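Student: give me a model of this one.
(chains A and B)
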2 protein chains.
Amino acid sequence: MTFQAALKKTADEIEALLDDLLSLDGARAPRVTEAMRYSALAQGKRLRPFFVAESARILGADHHQALRVGAALECIHCYSLVHDDLPAMDDDDLRRGKPTCHIAFDEATAILAGDGLLTVAFEIITDPATHSDGVVRAELALELARASGHNGMVGGQMLDLAAEEKHSHDLDEIIAIQSLKTGALFRYSLEGGAILAQAGAEDRERMRTYADRVGLAFQIADDILDVESSPEQLGKATQKDAEAGKATFIDLFGLDGAKARASALADEAVGALSSYDSKADSLREAARFIVERKN
Amino acid sequence: MTFQAALKKTADEIEALLDDLLSLDGARAPRVTEAMRYSALAQGKRLRPFFVAESARILGADHHQALRVGAALECIHCYSLVHDDLPAMDDDDLRRGKPTCHIAFDEATAILAGDGLLTVAFEIITDPATHSDGVVRAELALELARASGHNGMVGGQMLDLAAEEKHSHDLDEIIAIQSLKTGALFRYSLEGGAILAQAGAEDRERMRTYADRVGLAFQIADDILDVESSPEQLGKATQKDAEAGKATFIDLFGLDGAKARASALADEAVGALSSYDSKADSLREAARFIVERKN
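Tutor: All right, here's what the predicted structure looks like:
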């Protein structure tokens, strides 16, 4: 299967699974469930679940279990977008071409929908359906909490807000922020499959290295898209970073330099997979896709 | 040990444990960790952790493990207060006699601190230090997610906001909201010890019944305090419910009727513990305390 076909297949499976997991049947407070569905069933690329599914496949774990881990991860990703878009945070009205959650509903509902998505991620991942071994379920949840919490994604978001205020242009600092804000979940997405497969330290290290390179390349590509695309192409406001006085990789490397850096990182990501045969081709293609994508 | 002494002992232990679990040593984004500490180390009564510790003791589980479950639960409780206090929600400036998190820090930091507290609860509870058996850790996390998520506490908060808007005065509806908004975590606090002890269905059912009665009594007592106390006594604004047009148990039962109802619920809670000997006395006293407390 080509990378694009595999990505599409995972996205469709995740959409169906989230539709089921966030069911309105028996919902105790339908409004918050509707807001969660609005934000999670928004047809993203589902890159993170794709990475879980691929690392699971390469390392020999069950596909349906991988989809559940991917669905949990996507709930974390989507909650972070809902909260980041709030007026007190990035104050965005548009996300994936649709009104953001607090515009479509209201601020209180968006706060609660984010809280609900964050919480349901742990409900999904610790359910016996995710893995028959409780030790594996607990480890999946523990690492997800570490990746997404105050010393992971939440911490990265905090640092990002602070960097905006002080107009920081320090490369190491910007990379450190990225490593937490988007890198931690990328790392988890590749390690998730390894945990499900109960893979050894070497396989985990390879997946982590791939994830780190791809995560940074993804962020650089995001900065490139922010200056080269229109709001229509991206489905969200562009050039907000520059307006907010936030330093981007373009400021540091220039546009051509940023493209070269992203491409080099994709090469390094592919290099980390050298001990796997053609079964890892879709991950190799994914690294290329990430630096060449148009939205 | 008397109930008051046991409550104080648990509160001190929880304070020390949270101080350690939310350490600033090695914090990647100190500001958000500081805001989490500000909100979690605020010297509450720690009733929920007390219930975990007591149910664990009565059913024969380890005390230190119970404290970790209690600490996780307290993180969930504290995050819910931080988010509920936000301007878009209840818009409160004062909590436990101190400025609320978004006043002491800012709104963005308060949103992130709440997210961080919610997430770290699952980090604490799935850590191998909480229980040697992964199945138990995963079950503790799964039930915590169910109790606190969109079909539990978060759902209750959503319904509460909606009830405020439509000025509902329907008893069944108000009880249903309370059962989710505060009842679900009370239930979890008593079941947490039972899960740790891997207790049978009968013990769990007793603990659940006690929790349901005590949870409802607690909410009625809250409504009584709201009309009978000063802001100085409570450390937060009073009579906000009436101003917000929110129906309270006082509206439904009258003040004397509400007191009688709370007292009857405490009796029922005590009745659920009849098969335990004097080792359950502190829980019996706790039921009385909850309806007679002054803050």
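Student: is it true that residue A:105 touches residue A:111?
Tutor: No: contact criterion C-beta atoms under 8 Å: residue A:105 and residue A:111 do not qualify, at 10.1 Å. For glycine as for every other residue, the C-beta is placed from the backbone atoms N, C-alpha and C.
Student: these two: which is more packed in?
Tutor: Shown here are residue A:105 and residue A:111; by other C-beta atoms under 10 Å in any protein chain shown, residue A:111 has more neighbours (28 against 20).
Student: wasn't the more buried one part of a helix?
Tutor: Yes: per DSSP: H, G, I helix; E, B strand; the rest coil, residue A:111 lies within a helix segment.
Student: the nearest residue to it once chain neighbours are set aside and residue B:36, how far apart?
Tutor: In this structure, residue A:111 finds its nearest non-sequential neighbour in residue B:83, 5.7 Å apart by C-beta to C-beta, 6 or more residues apart in numbering or on different chains. Distance, residue B:83 to residue B:36, using C-beta to C-beta, to the nearest Å: 13 Å.
Student: pick out whichever of these two has more residues nearby.
Tutor: residue B:36 (32 against 28).
Student: OK, contacts around the more buried one?
Tutor: A:150, B:22, B:113, B:116-117, B:120 (C-beta atoms under 8 Å, 6 or more residues apart in numbering or on different chains).
Student: give me that answer again for 7 Å
Tutor: Residues in contact with residue B:36 (C-beta atoms under 7 Å, 6 or more residues apart in numbering or on different chains) are A:150, B:22, B:113, B:116-117.
Student: do the same with residue A:10
Tutor: Counting by C-beta under 7 Å, 6+ apart, residue A:10 has contacts A:46, A:49-50, A:53.
Student: can you list the buried residues in the helix or strand it falls within?
Tutor: Using DSSP states H and E, residue A:10 maps to helix A:3-21. Of the residues in helix A:3-21, A:3, A:6-7, A:10-11, A:13-15, A:17-18, A:21 count as buried by neighbour count, 16 or more other C-beta atoms under 10 Å in any protein chain shown.
Student: same for the host helix or strand of residue A:65, what does it pack against?
Tutor: Assigned by DSSP H and E, residue A:65 falls within helix A:63-84. Counting contacts by 3 or more C-beta pairs under 7 Å, 6 or more residues apart in numbering or on different chains; DSSP states H and E, helix A:63-84 is packed against helix A:3-21, helix A:30-40, helix A:47-59, helix A:107-126, helix A:134-148, helix A:184-196.
Student: in CSV, list the ones you listed along with mean pLDDT.
Tutor: What follows is these, written out as CSV (pLDDT from 0 to 100):
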stretch, mean pLDDT
helix A:3-21, 96
helix A:30-40, 98
helix A:47-59, 97
helix A:107-126, 98
helix A:134-148, 98
helix A:184-196, 97
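Student: which of those sits closest to residue B:259?
Tutor: helix A:107-126 (32.0 Å; C-beta to C-beta).
Student: CA atoms only for the closest one - export them in PDB, please.
Tutor: Below are the C-alpha coordinates for helix A:107-126, written out as PDB (Å, rounded to 0.1, in the frame of the first residue of the first chain):
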ATOM      1  CA  GLU A 107     -16.200  29.400  25.700                       C
ATOM      2  CA  ALA A 108     -17.500  27.400  28.700                       C
ATOM      3  CA  THR A 109     -18.500  24.500  26.500                       C
ATOM      4  CA  ALA A 110     -15.100  24.600  24.700                       C
ATOM      5  CA  ILE A 111     -13.200  24.400  28.000                       C
ATOM      6  CA  LEU A 112     -15.400  21.500  29.100                       C
ATOM      7  CA  ALA A 113     -15.100  19.700  25.700                       C
ATOM      8  CA  GLY A 114     -11.300  20.000  26.000                       C
ATOM      9  CA  ASP A 115     -11.400  18.600  29.500                       C
ATOM     10  CA  GLY A 116     -13.700  15.800  28.300                       C
ATOM     11  CA  LEU A 117     -11.400  14.900  25.400                       C
ATOM     12  CA  LEU A 118      -8.400  14.900  27.600                       C
ATOM     13  CA  THR A 119     -10.100  12.600  30.100                       C
ATOM     14  CA  VAL A 120     -11.600  10.200  27.600                       C
ATOM     15  CA  ALA A 121      -8.200   9.600  26.100                       C
ATOM     16  CA  PHE A 122      -7.300   7.800  29.400                       C
ATOM     17  CA  GLU A 123     -10.600   6.000  29.400                       C
ATOM     18  CA  ILE A 124     -10.000   4.600  25.900                       C
ATOM     19  CA  ILE A 125      -6.400   3.600  26.600                       C
ATOM     20  CA  THR A 126      -6.900   1.900  29.900                       C
END
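Student: if you count contacts, what does that helix end up packed against?
Tutor: helix A:30-40, helix A:63-84, helix A:101-104, helix A:134-148, helix B:107-126, helix B:134-148, helix B:153-166.
Student: pick the most buried one from those.
Tutor: helix B:107-126 (a mean of 28; mean count of other C-beta atoms under 10 Å in any protein chain shown).
Student: how far away from the center of its chain is that helix?
Tutor: Relative to the centre of its chain, helix B:107-126 is centred 16 Å away, using C-alpha atoms, centre = their mean, to the nearest Å.
Student: how far off helix B:3-21 does that helix point, in degrees?
Tutor: Relative orientation of helix B:107-126 versus helix B:3-21 (axes from the mean of the first three to the mean of the last three C-alpha atoms, to 10 degrees): 100 degrees.
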